[in-house]
Structures are given as structure tokens and as C-alpha cells.
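[1] starting from these lines, generate the structure:
(chains A, B and C)
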Amino acid sequence: VTGLPVAFLTDYGYDDEFAGSCRLVMERLAPGLTVLELTHGIPPGNVRRGALALEAACRRAGPAVYLAVVDPGVGTDRRAVALAAGGSFLVGPDNGLLAPAADALGGTERLVDISRTSLALEPVTATFHGRDLFAPVAAHLAVGRPLEVAGEEGDPASLVRLELPVSRRDGDSLVAPVLHADRFGNLILGAAPGDVPGGLAHGSALSIAAPAGTFAAVAGATFADSAAGDAVVVYEASSGRLAVAVNLGSAAELLGAGPDDELTLAPAT
Amino acid sequence: VTGLPVAFLTDYGYDDEFAGSCRLVMERLAPGLTVLELTHGIPPGNVRRGALALEAACRRAGPAVYLAVVDPGVGTDRRAVALAAGGSFLVGPDNGLLAPAADALGGTERLVDISRTSLALEPVTATFHGRDLFAPVAAHLAVGRPLEVAGEEGDPASLVRLELPVSRRDGDSLVAPVLHADRFGNLILGAAPGDVPGGLAHGSALSIAAPAGTFAAVAGATFADSAAGDAVVVYEASSGRLAVAVNLGSAAELLGAGPDDELTLAPAT
Amino acid sequence: VTGLPVAFLTDYGYDDEFAGSCRLVMERLAPGLTVLELTHGIPPGNVRRGALALEAACRRAGPAVYLAVVDPGVGTDRRAVALAAGGSFLVGPDNGLLAPAADALGGTERLVDISRTSLALEPVTATFHGRDLFAPVAAHLAVGRPLEVAGEEGDPASLVRLELPVSRRDGDSLVAPVLHADRFGNLILGAAPGDVPGGLAHGSALSIAAPAGTFAAVAGATFADSAAGDAVVVYEASSGRLAVAVNLGSAAELLGAGPDDELTLAPAT
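    Next up is the predicted model:
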């Protein structure tokens, strides 16, 4: 096989055979295809978390087919789509999951409605579009079949956008929503480094009001830039978003914060 | 490498290097071999769960070598086998793990006892046949070595069968055992859609008696066919078995049911 | 691509896209590269557990590039290194993670400091050296670029060693630290089979003093060598270390022991 690798992300978890079933179907349709597992650990039905992980993964990647399935509306009339963006393709349900990654790749250039694609494995089960519909489309695109074969051309602007909570200024403070906490307890915020009042100059002192109290923090580049083990670091995450960490500890735990909580960042007084 | 892909399933989990060790051995014996991870999240020693996952994964797959290791009897005199079935091969312990998948692939055509295979890595450790015995045999079969090289020909009918609980009719009702609950809380039953009294006509009303009470349900094709968020759907799972789901929720939780519990399905009165 | 496979181990977990991001970068730099996932389930920052898993995985493997990232000091002045050992390469932080595997592969023949490697993806983020620095170096080595291209040659003896707790004799007894408990509850000890007083002759009776009490045990080759379900077996693990198991049960649970606890093994009286 020559062609693009498939980068595969789902909420299927690791205890069932669901992701493996999709993988077997892709291998059947395109023997020798390279498939990269991004993660199958997205919490069930958590479209936002899936979208953020996909967006982060495509940074620094080469051309690929992104196969993403977080699909609580499987089998309903939600649209299934395949997109072209910046030399890559994205395949999945049209529920907001693909939009941030498509933007990060340079924007959606083409959109094809694959809800009734002729590339599906028939009969398409109503509950497993990952195996029967999305994986086959991804495999075909990966080996170079043109996008128009996968379905009916649609308006790129019709792609469902993801609603993400956003930060706001409140006087000298930045009120920023927590988008998610990663495995290390780092809190990824719905804000950019440039949004911090006074900027994110290395070593500058900040205070963070969080559900568990108010904490002294320091702007830094990495976790060990905290003064001590329990000090909080505000930094630019590898995804480009503003983030909060505790060196060798968990910011999520210390600050008592998780998705949809808000943190208020202000220059230390 | 040309040949078959290896589809790999174990109860080794994801925290240890066990599956990776097997993977390294296969790569050593057959560089460039395609290996698909089905799942390594089978609960430790749960042969039934492994067998059901393997059976489900081989639906819609092309020819492959299925390497399956859920092997609480490792190092005892339980037999190790390799099977040919429907253009595919299955390799693993002869404890029931392989039987449902072999049947789903069309039935066991040949069986080879590989307990003392010459293809093993010597010395074979008593506790890690996955790495030392099963993975090597799978790698050799994947690159096209004939089955008879792997061991001694045996009677296909001697394959250990898996004992699965079965459903029964009770007047107008179907009493069906829960085989397992998947990540989404969907309950997979030891019954076929055709076993439902009155059939599984789309939209027909059912009642389900479960450990946590009696629930109104509807026959449907997908999760969103429930009338509301908390309504229960009875549907045909992608594995072909009868299943029970709650849209955007967990049937396992709502019905208080898990493996070996029984559900009683009846037409709504 | 011809070359070596990359065997990939981290503490990134399976819920985030971190390992997938590294994988995408390797695919971009070396399309078609074979990458084997050893495990990404090392507990966050647990260098010792990572080192032991890596050491175990390289047993019976062929030549490979081991990419290992358990890196609580990411972004600090800890060194990043690439090693040559026994026909394989190891890439990761110089914090002890690589040393046991390098020894198991035959010893570190060459060491290159890659902290400021020209092979990194610029700009290197301070918090994600896995993606930006280690994965690129591993990919380049895998496709055959020479080690000296990756950085500045250093003294192999300067590799940071891992401090592991060791066993000691106490009269007739062996006091052995628990290094870790695996998924099956087997306790892997900081001792070799030859350290057991009186040896590990098959069937010989032992007693084990553990946090949860004193237990009768038997020396055996595999789990089922215990006399009954609750009997304890002392055996040589597939990694070559001394280990303690309970057949069809968890030694960790029964003995109440985990990492850094000590077990005292003695001939049964």
C-alpha cells in the first residue's frame, strides 16, 4: 500500500473489541495500510474531549486521514461527513468533533456527505457506523480514492461547529473555563497565553482563584519552573492553549477543578 | 512481508509490557508483519469475555491469524492449539476461547496441537506462553508457513467448546442471560433477535424485568429509537446478538444488571 | 522503509492523544515505519516501573529502537540521551529509565547527548519532548541515520543508573523488596531465584512473612503449581526475577503487599 496513514480516535475504550473491529475492516479493504491509534480513551459520547484531542494530535503531523468516531447520535439523521483540509482528510460524524482539527489543518476545503456512501459495508448496522461506514471510507481515502467517490459534495461552511466555552476579561483578571484535565492533572483552559492580563512573561507572579481556594502561581515554560513541589505553574501547553500545572503533582486535584469549572487568573498583588 | 495480518487479543491489560513483549517477538520472527490489536482489556482470566470479543471481531474481517491469549491454565496440561477456519487461523489455549470465533468463521477445518511445537522460543517459560509459544506460532502462520509445521494434527471435533448460558421461553416471556456489558453500558444477551416473543418489530413495546425493577422498552434499530433519554431500547447488536441499551445512558446501571444476571422480556400489556 | 522497528513505552496513558501525537510525528519523518506499542500505562512519573517494563520487554526481542518517555523532569536540565547497546538503540531522558534495559541488551556501547539535537522539531515545547525531541530522534535512528548525527558523543559510563532496592540475607531468610505488582497481582521481587535460601527446587515448601501475615508457599514453575487456589507460589518470572503468585488470585491482595514492601522468605519449618 502507498498512500496516507490513518490516524484513529474514538470513545470505544480498550475493554471491548470495537476499535479492533474497525481496524480489521480497514486491513481487509486496504491490506498493509498504516493505522495509528491516537486514543480510544475519549469518555463515552464526549464530543468536546474528542475534538480537542484530535485538534492537538494534528499539530506537527504530516498528511493523514483522521478517522474520528465519538458519535452519541449514531443511527439517527445526524450527518456523516468526510472533509479535505490542508492535504489531510477527516472522516466522522458531523457533530462538532471534526471542526477544530479541520480549522487547525487550515480550514475545511471540501465536505462530502457520506451518510449514504456506496463505500459502506452492507448491511450497515444502526449502532456501529465506525466499523461499517466510517472505517471503510477512511481506508478508501487512505489508498488514494478521490473524495467525491465517498459521497455527495456539500458546502464546507455547513460543517457543524463545536461550541467551546470561552474566557473573558474581568477588570485585571482573566476568567477562563477549564476545557479538560489530562492524565497528569494538568488543566487545559479555554484561553490563549496572550489572554493573560500582563502577559505570560517567564517568572511573573500570578494568583489563581479556583474551586478549592486561591493559589499563588508563576508563569513558566515547564512544570519544574514552579518554586516548589506545590507551587502552581501557568504555561503554554503543547497544544498552544493556556494551561495550569503542579510540578510532580496534579493541578486538577490541588485546585479542585475540572471541565467547565472556571479559574480566575490575575497578576499577584 | 506478504501474508496475513495478526489480530491480537489478550487479558494482559495495558499497564504491563506483556502484549508489547509478544509484539516484539512477532516482529523479530517476521519483520514488517502487520499486527492489529483487538483488545488487551479482557478481564484477567475471563475466557468467556475473551471468546465473545474474538467472535465479534471476526465478523466482517478478511483472512487473518487470530492470536488470542486468555489463559488462566498457562503451564498446566491444558492443550495449546492452532486452528484453520474459513481462510483464517486461530492460535491460543484450548479452553473454549477460540471456539465461538472458529464457528463464526465457518467451523474448525483443521486443528493442530501446538503444546510442544518446534516453533516456540526455547526455553519456554511456564508463565508466559503468549510470548514464548503462541506469538511465535502466529507469526509463522502469518508469513505462510503451513499449519502442520506448527504441531501434531488433531481432531477438529476435539476443540474445547465454550459453555454459554442460554435463553429460555417462559410462556409469553423470554428469559435471557446477560453475557456482558460493554463500555457504553449496553447489555449483550445470550439470545438472538428472533427469540423475542412476538418478534423485534421496530417500535413494538416490550417490558423488561431486571434486577433493579421492571422497565418499559421499545424495539428499535439504534439507541436514539428510545422515546426519551431514560427509555430502554431492545435491538440487534452489531455482533448479531440481542441487546439492551439506554440512549445516552447505561442500561447496565439503570437495570442493575451485569454478566450472568437474567432479564425477562415480554410484550407490553 | 527498511530499518529497525521502534518499540514505544511511556507514562502518557490511553486517555489523551500524547502517544498518538508522537506516533504521527514518527510517521511524518519516516513513512511506513513499524512502531510497536510496549505500554503507555506506566504510572505518571514512575521511572522505576518504566525501567523494569522496558528491561523485561527487550528480553527475546530482535534489534529495535526503544523509545521510552517517563520524564518528570521534562524541560529541566536533565540530559536527553540516545544509546547503542547490543545492536539496538535506546532513546529517552537520562534519569535511570534506560539503564536496566541497556544492561540487559549487553551494556551501553555508545551514548550521545541529544539535549540539543538538530533532529528535533523546532520550536521544541518545554513540556512535550516526547513529540518534539525523542520521537524524531527515534524515527531517524530507525531508518538508519547514524547515532552521531543525533547529538554529541558522551561517556557511556555517565548514563544515570537506576537505584533499585535489593534483597538481603537474614540468617536462613531472604528479605526481598517488592519491585512491583503486575495486572494479575503477581509480585515481582528485587531478587533472583538463586537468592532463595535452600534454592527454588520445584515443590519445596517455603513460608513468606508479608504485611498481611505469614503464608505457606511452594516453589513452582507456574501458577497452578500451588496446592490449592489460595496457596502461594514462588517462581521465576518471565523477566528472570523472583516472583510470588496466587493461582487464579492476586498475591498482591492476599499478602497485602505492593511496591517497596518487603517479603521475608524462609524454608518452611
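[2] distance check, the nearest residue to residue A:12 once chain neighbours are set aside against residue A:54.
    In this structure, residue A:12 finds its nearest non-sequential neighbour in residue A:18, 3.8 Å apart by C-beta to C-beta, 6 or more residues apart in numbering or on different chains. No exception for glycine: its C-beta is placed from N, CA and C like everyone else's. Applying C-beta to C-beta, to the nearest Å, the value for residue A:18 to residue A:54 is 18 Å.
[3] about what we covered before: quick one: pLDDT of the residue nearest to residue A:12?
    Looking at residue A:18, its pLDDT is 97.
[4] any low-confidence regions in the stretch 1-150 of chain A?
    Scanning the stretch 1-150 of chain A for pLDDT under 70 picks out A:1-2.
[5] just the strands from it, written as ranges.
    With strands called from DSSP state E, counting those that start in this stretch, the stretch 1-150 of chain A shows them at A:6-10, A:35-39, A:65-69, A:80-85, A:88-93, A:110-113.
[6] now do the stretch 151-269 of chain A
    Here the stretch 151-269 of chain A has its strands, by DSSP E, counting those that start in this stretch, at A:152-154, A:168-170, A:173-181, A:187-189, A:205-210, A:213-219, A:232-236, A:242-246, A:262-267.
[7] quick check: buried residues in the last one?
    Of the residues in strand A:262-267, those with enough neighbours to count as buried (16 or more other C-beta atoms under 10 Å in any protein chain shown) are A:262-263, A:265-266.
[8] what inclination does it have with respect to strand A:173-181?
    Orientation check (axes from the mean of the first three to the mean of the last three C-alpha atoms, to 10 degrees): strand A:262-267 against strand A:173-181 gives 130 degrees.
[9] just give me how far strand A:262-267 sits from the chain centre.
    Put simply, strand A:262-267 sits 24 Å off its chain's centre (C-alpha atoms, centre = their mean, to the nearest Å).
[10] and stretch A:153-167, by the same measure?
    Centroid separation for stretch A:153-167 versus its chain: 14 Å, with C-alpha atoms, centre = their mean.
[11] same question for it, mean pLDDT?
    For stretch A:153-167, the mean confidence score works out to 96.
[12] what of stretch A:182-201?
    The predicted model assigns stretch A:182-201 a mean pLDDT of 91.
[13] next, see if it gets close to chain B.
    No. Remark: stretch A:182-201 sits outside contact range of chain B, by C-beta under 8 Å from any C-beta of the partner chain, the gap being at least 12.6 Å.
[14] what residues of that stretch count as buried?
    A:182-191, A:193, A:195-196, A:200.
[15] find the nearest non-adjacent residue to residue A:181, please.
    Closest residue to residue A:181 apart from its sequence neighbours, by C-beta to C-beta, 6+ apart: residue A:252 at 4.0 Å.
[16] list the contacts for that neighbour?
    Applying C-beta atoms under 8 Å, 6 or more residues apart in numbering or on different chains to residue A:252 gives the contacts A:181, A:185-187, A:258.
[17] which one, of the strands of the stretch 1-150 of chain A, ends up nearest to chain B?
    strand A:35-39 (7.6 Å; C-beta to the nearest C-beta).
[18] need the residues that contact the closest one.
    By C-beta under 8 Å, 6+ apart, strand A:35-39 touches A:5-9, A:19, A:23, A:26-27, A:53-54, A:57, A:64, B:36-37, C:14-17, C:19-21, C:23-24, C:27, C:35, C:37.
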